[in-house]
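Engineer: build the 3D model from these lines:
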Amino acid sequence: MKTGLSAVRGLHITEKGTLLAGQNKYLFKVDPTANKLEIKKAIEEFFKVKVVKVNTMNYDGKKRRQRTAHSGKTPDWKRAVVTLKDGDKIDFE
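Structural biologist: Next comes the predicted model:
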């Protein structure tokens with residue numbers, strides 16, 4: 001089991017994420033091996049808020065190609081949408 005913020009890699013800032021902030025939902029990039037309970041515990045511990053729900057999505061890395069025949073891909077990653085209790089808010093300033 002992950003401890004502290006090792007489950008959460010950082011805030012994921014997107015257009016969709018800024019729209020969800022109005023609904024008390026926040027996007028985070030998380031460790032692909034982290035589960036919902038670990039993510040919930042890490043967010044509550046660090047930001048001192050009450051998490052109601054956590055939704056996760058796994059994303060595959062994109063294929064990339066160099067000028068030569070060498071090819072590879074970007075790393076796979078995971079995103080979490082964290083819903084907070086009414087009245088709670090996360091300030092990033």
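Engineer: mind giving me the packing neighbours of the helix of greatest length in the chain?
Structural biologist: Secondary structure of the chain read by DSSP state H shows that its longest helix is helix 36-47. Where contact means 3 or more C-beta pairs under 8 Å, 6 or more residues apart in numbering; DSSP states H and E, helix 36-47 is packed against strand 8-11, strand 25-30, strand 51-59, strand 77-84. Every residue, glycine included, has its C-beta placed from N, CA and C.
Engineer: could you dump these to a markdown table with mean pLDDT and distance to Glu44?
Structural biologist: Listed next are the helices and strands packed on helix 36-47 as a markdown table, based on pLDDT from 0 to 100; distance: least, C-beta to C-beta, whole Å:
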| stretch | mean pLDDT | distance to Glu44 |
| --- | --- | --- |
| strand 8-11 | 90 | 11 |
| strand 25-30 | 95 | 13 |
| strand 51-59 | 96 | 5 |
| strand 77-84 | 96 | 10 |
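Engineer: just the buried positions in the longest helix of the chain, please.
Structural biologist: When neighbours are counted by 16 or more other C-beta atoms under 10 Å, the buried residues of helix 36-47 are found to be Lys36, Glu38, Ile39, Lys40, Lys41, Ala42, Ile43, Phe47.
Engineer: so what touches that helix?
Structural biologist: Taking contacts as C-beta atoms under 8 Å, 6 or more residues apart in numbering, the residues outside helix 36-47 that touch it are 1-2, 4-8, 28, 30, 49-51, 54, 56, 80, 82, 90.
Engineer: ok, back up a step: how about the helices and strands packed on helix 36-47, which one is nearest Gly17?
Structural biologist: For the helices and strands packed on helix 36-47, the distance to Gly17 is smallest for strand 25-30, at 4.0 Å, taking C-beta to C-beta.
Engineer: just the CA atoms of the closest one, as PDB, please.
Structural biologist: Listed next in PDB are the C-alpha coordinates belonging to strand 25-30 (Å, rounded to 0.1, in the frame of the first residue of the first chain):
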ATOM      1  CA  LYS A  25     -14.400  18.000  -8.600                       C
ATOM      2  CA  TYR A  26     -10.600  18.100  -9.200                       C
ATOM      3  CA  LEU A  27      -8.300  16.200 -11.600                       C
ATOM      4  CA  PHE A  28      -5.000  14.600 -10.500                       C
ATOM      5  CA  LYS A  29      -2.400  12.600 -12.200                       C
ATOM      6  CA  VAL A  30      -1.700   9.500 -10.000                       C
END
